[in-house]
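**Q** no sequence on this one, just coordinates:
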């Protein structure tokens, strides 16, 4: 049985053949971080997101949102509030920028290591299983170190850190984390890109999927 603090919204059927995917954090990457956002009227898209999602669609790349929503465990808002925000997000993206799925968890900082709360890779692993995704060829963009750690633990080949949202405040931690793994020559090292915003995402990484 799935945890009451873990939700998924599947917006298409599983793929018949294994596909790489573009994983995106929500707050601070796809929509502006408003600190425990719960009012759909406050939803505002981040710069570059519609262009990126439109290109991903044209190239055949599934796009999956993965988001920590600790405000639910903390009692700041409910799943009903979260769903209203999600509906507004989908309206703003429109038909030209469809998402494949959204995975969310409402765990707080005391969540078990095997929960869906990032830096656990749980949401990525669930998406791979349920949608038939190839994590070894997948990409992730996040504004927090925990996003990138989740991607690395899931076996992704490439992660990007943006300066939007909490990104500017977390950039030094991200660099220290990546340098530590570089110097220890750890197996399965993930490639890291540093971006100011989604406007800087290298679209050539989303080569068309046959």
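**A** All right, it came through fine. What you are looking at is a predicted structure, and each value in this text was computed from that prediction instead of being measured.
**Q** Would you mind confirming that residue 122 is in contact with residue 114?
**A** Yes. Shown here, residue 122 and residue 114 form a contact pair, counting by C-beta atoms under 8 Å, at 6.8 Å. (C-beta placed from N, C-alpha, C; glycine too.)
**Q** Neighbour count: the two, which is higher?
**A** residue 122 (25 against 9; other C-beta atoms under 10 Å).
**Q** quick one, strands of the chain?
**A** 6-10, 22-25, 63-68, 101-105, 139-142, 158-162, 191-195 (DSSP state E).
**Q** For residue 118, find the nearest of those.
**A** When those are compared by C-beta to C-beta, strand 63-68 sits nearest residue 118, at 5.4 Å.
**Q** That closest one - contacts with which helices or strands?
**A** strand 22-25, helix 49-59, strand 101-105, helix 122-131, helix 145-153 (3 or more C-beta pairs under 8 Å, 6 or more residues apart in numbering; DSSP states H and E).
**Q** Show me what the helix-or-strand element of the chain with minimal mean pLDDT is packed against.
**A** In the chain, the helix or strand scored least confidently by mean pLDDT, DSSP states H and E is helix 167-183, which has a mean of 88. Helices and strands touching helix 167-183, by 3+ C-beta pairs under 8 Å, 6+ apart, are helix 145-153, strand 158-162, strand 191-195.
**Q** circling back: give me whichever of the helices and strands packed on strand 63-68 is most buried.
**A** strand 22-25 (a mean of 26; mean count of other C-beta atoms under 10 Å).
**Q** How about residues contacting that one?
**A** Outside strand 22-25, the residues that touch it by C-beta atoms under 8 Å, 6 or more residues apart in numbering are 30, 56, 61-67, 124, 127, 138-144, 147, 151, 156, 165, 206.
**Q** ok, now with 6 Å
**A** 30, 56, 61, 63, 64, 65, 66, 139, 140, 141, 142, 147 (C-beta atoms under 6 Å, 6 or more residues apart in numbering).
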